[in-house]
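Sequence and predicted structure are below.
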Amino acid sequence: MVCAMRRSSAVLLSLWAFASPLALAQENEEDSGFFGLGLLERTQAFGTTQADALARRLDSYFGVERSDLEAAYSSLRLITQGSWEQLDSTEFRVRLRGTLVLPRVNERLRLVFSEDKGEGATYYSQNDIVTEQQSTRVNLEVNLAESARSRFDFRVGLRSNLKLRSSLRYRYEQPFADDYLGRLSQTVYFIDGTGYGSFTQLQFDKSLSEKSLLRWSTEFRAQEELNGNEWSTALQYSVLGENTGAISYFFRMNGVSNHSQVDRYQVGFRLRENIYRPWLFWEFSPGVSTEKKTPQDSYETGLFAIVRLEMAIGAY
């Protein structure tokens, strides 16, 4: 009975979300091509404050998932990644991420290629839905409403085992000064066979100069069948290079609400540069991790490193 009610609510949610854009539709803007505007033009168009413009520019350059998924243009990234953790294992992955706008169908309708990790900078050790190794998922996303500071989206797709996953996501941004920006996003989702969950992120950006940004973010995930709610917090300092490239230094930690200890501390940096072509990037991210597998264990410290080769297709 409970399973049937959940599936029914998910179907009703899907039907409502697809009907809503018909009432919200507006006149199409002048067609700017399949892939839309480039990074510089989009930064100028949407960046109303120094902190806002710099945050968007850095997020686009570093390929932050949220930047691509919220873009008003089509943007895809083909990412080859190798990672090594002294306390865990070695991993090699190839994935596709980004969005394809469907202008001929509806300007609010898009195909989204993602791993459904939310917007978090860290991963969550007990949440198999997030950490399991799966291929890129394809979702259909409808922009229900959007203004200069807020955005409301519905997304539906199938996981690899043909089970439904749907979500509603709301984002709000508020500048407090020309160099200070706050951001709140809330996602509520349903996964067939797993249940309901929510992901919350609060983030503040402070521009220190025309090319340097300080960011603090905290995240909270609640989901049925998890042994405690998951949280993480991170501090990040990012700098654009004089001619090319960018570097980001980070400190982050995460844990679970059912015990008071912090499960993991990490400190490191991300170095990212263009190679050969403006749309080809390489990235090196080493660091140190101190963590414990269970609350009863003692902390262990080890090194980790991630190497990426990324090709951006469309706007970047």
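Sure, I can see it. Numbering: from 1, shown residues only.

Could you report the separation of residue 52 from residue 218?
Applying Cβ to Cβ, to the nearest Å, the value for residue 52 to residue 218 is 20 Å. Where C-beta positions appear, they are placed from N, C-alpha and C, glycine not excepted.

Those two: which is more packed in?
The neighbour count for residue 52 versus residue 218, taken as other Cβ atoms under 10 Å, is higher for residue 52 (22 against 13).

Help me confirm that the more buried one is found in a helix?
Yes - when DSSP: H, G, I helix; E, B strand; the rest coil is applied, residue 52 is found to be in a helix.

That one and residue 279: what is the separation?
Distance from residue 52 to residue 279, by Cβ to Cβ: 24 Å.

cool, residue 308 as well?
Taken as Cβ to Cβ, the span from residue 308 to residue 279 is 14 Å.

For these two, work out which one has more neighbours and name it.
residue 308 (19 against 14).

beta partners for the nearest residue in space to that one that is not next to it in sequence?
With sequence-adjacent residues excluded and distances taken as Cβ to Cβ, 6 or more residues apart in numbering, residue 308 is closest to residue 283, at 4.2 Å. Going by DSSP bridges, residue 283 is paired in beta bridges with residue 272, residue 308.

Any stretches of the stretch 1-150 of the chain with poor pLDDT?
1-48, 103-107, 115-136 (pLDDT under 70).

And the helices in it?
2-24, 39-46, 50-62, 65-69, 128-131 (DSSP state H, counting those that start in this stretch).

Can you spell out which helices and strands pack onto the helix or strand that residue 288 is a member of?
If you go by DSSP states H and E, residue 288 is part of strand 277-291. In terms of contacts (3 or more Cβ pairs under 8 Å, 6 or more residues apart in numbering; DSSP states H and E), strand 277-291 is packed against strand 264-275, strand 300-314.

Tell me the buried residues in the helix or strand where residue 253 lies?
For residue 253, the host element (DSSP H and E) is strand 246-256. Residues of strand 246-256 classed as buried by neighbour count (16 or more other Cβ atoms under 10 Å): 246, 247, 248, 250, 252, 253, 254, 255, 256.
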